[in-house]
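Novice: just coords:
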């Protein structure tokens, strides 16, 4: 009881500590208290390595503490790194936007160029909801003008329900990005998300991320779905298009895509999968559907150590296949999208990236020391202790 009171008094002095009610409920037993001190030490370490502002921006709440207390130290490290990477991406977007608005347009105007932006030269002065309505109309027109020739981009979601919260969030974000890219294209695909079976966890994540399906939070109750928005269905792929008319893609396939599109092909199938696990791999999905998968020849075209085929997003694949279906060879389609695939960085971004890498290494090694080296436990004892701590929480 005395130790609990001491922890509660300490919590009053640290912004990232949980509430008193959380402490009373979740930090009562000796094992829970020891585990709590380790997690608190890791958060304090994060503050020392990345700064107080970084910790403040993470907005650690009781819900965050609940998640952290249920994890082993390696899972917590991954969780912290994901939060920090998301924060860095937002900072880069802000800097990039500031540069474009404050310097880019003025510099181009001073050089005698026509600058099409607000307060410079504008063909149409359309913003906000009016802009979205116009683009919706263009998108609908571009879909209708293709008639029966429209190509299908089918995403197989059969494994989505089996993934972790983190992976589900990543894939649902990609689904929204795919629609955003398609929405602005002159030759949009007919997008279908097939084999979509959602439990309550996936429903909650999807409502936050799939704006084309549920709308933004500000329009709850007033959102009207676009008639040509992507279709989400629990039905199988062959309900959308015949198997023989589709190209199934798998990184583990033994055949490469043909150089040009076969005449009978009307679309492509991408599986949301974890190809490191046989039970949730795209290859397993193809075996179950009795189809022959194909592999994209990334390694044949892109000679860069930075490129990782498994990190290619749905919207990037859509751009490649749009050019492929428009008549380019598959090598040409990949080559013309190399810059998007590699994500080229400026010199300042490379410099800051190196700094972050050094901090990340310090943070990981220090977390390892907190959880392993300082207590003198063997690896077997450490695993046993983690199991006990999880039972306590």
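Specialist: Alright, I've got the coordinates. These figures come from a predicted structure and were not determined experimentally.

Novice: residue boundaries of the strands in the chain?
Specialist: 152-156, 190-194, 231-232, 246-249, 267-271, 293-294 (DSSP state E).

Novice: Which among those strands is found nearest to residue 164?
Specialist: Closest of the strands of the chain to residue 164 is strand 267-271, at 17.3 Å (criterion: CB to CB). From N, CA and C alone the C-beta is placed, and that goes for glycine too.

Novice: Paired strands for the closest one, with orientation please.
Specialist: Using DSSP bridges, strand 267-271 pairs in its sheet with strand 152-156 (parallel), strand 246-249 (parallel).

Novice: got the angle between that strand and strand 190-194?
Specialist: Orientation check (axes from the mean of the first three to the mean of the last three CA atoms, to 10 degrees): strand 267-271 against strand 190-194 gives 40 degrees.

Novice: Now do the same for strand 267-271: mean pLDDT, whole number.
Specialist: For strand 267-271, the mean pLDDT works out to 97.

Novice: I figured residue 157 hits residue 194, correct?
Specialist: Yes: if you go by CB atoms under 8 Å, residue 157 and residue 194 touch, sitting 6.7 Å apart.

Novice: mind checking how far residue 358 is from residue 371?
Specialist: Remark: distance between residue 358 and residue 371 (CB to CB, to the nearest Å) = 21 Å.

Novice: The two: who's more crowded?
Specialist: The residue with more neighbours, out of residue 358 and residue 371, is residue 371; 22 against 11, by other CB atoms under 10 Å.

Novice: which residue sits closest to the more buried one, ignoring its sequence neighbours?
Specialist: Leaving aside its chain neighbours, residue 371 sits nearest to residue 73 (4.1 Å; criterion: CB to CB, 6 or more residues apart in numbering).

Novice: Wait, that neighbour touches residue 368, no?
Specialist: Yes: counting by CB under 8 Å, residue 368 is a contact partner of residue 73 at 7.5 Å.

Novice: So what's the residue count around the residue nearest to residue 268 when sequence neighbours are not counted?
Specialist: Leaving aside its sequence neighbours, residue 268 sits nearest to residue 247 (CB to CB, 6+ apart; 4.8 Å). Residues lying near residue 247 (other CB under 10 Å) number 22.

Novice: dump the residue contacts of residue 247.
Specialist: If you count contacts by CB atoms under 8 Å, 6 or more residues apart in numbering, residue 247 has them with 257, 265, 267-269, 294.

Novice: cool, residue 198 as well?
Specialist: 160-161, 206.

Novice: most surrounded residue in the residues you listed?
Specialist: The most crowded member of these, judged by other CB under 10 Å, is residue 160 (25 neighbours).

Novice: That one touches residue 196, doesn't it?
Specialist: Yes: using CB under 8 Å, residue 160 is in contact with residue 196, at 7.0 Å.

Novice: Just give the closest residue to residue 231, not the sequence neighbours.
Specialist: When the adjacent residues along the chain are set aside, residue 231 lies closest to residue 192, with 4.8 Å between them (CB to CB, 6+ apart).

Novice: beta partners for the one you found?
Specialist: residue 154, residue 231.

Novice: do residue 293 as well
Specialist: Residue 293 forms beta bridges with residue 248, as assigned by DSSP bridges.

Novice: low-scoring pLDDT stretches of this protein, where are they?
Specialist: Within the chain, the stretches with pLDDT under 70 are 1-15, 91-102, 114, 116-132, 343-354, 373-393.

Novice: Break it into its domains for me.
Specialist: Domain assignment of the chain by automatic domain parsing yields the ranges 2-86+351-392, 150-342.
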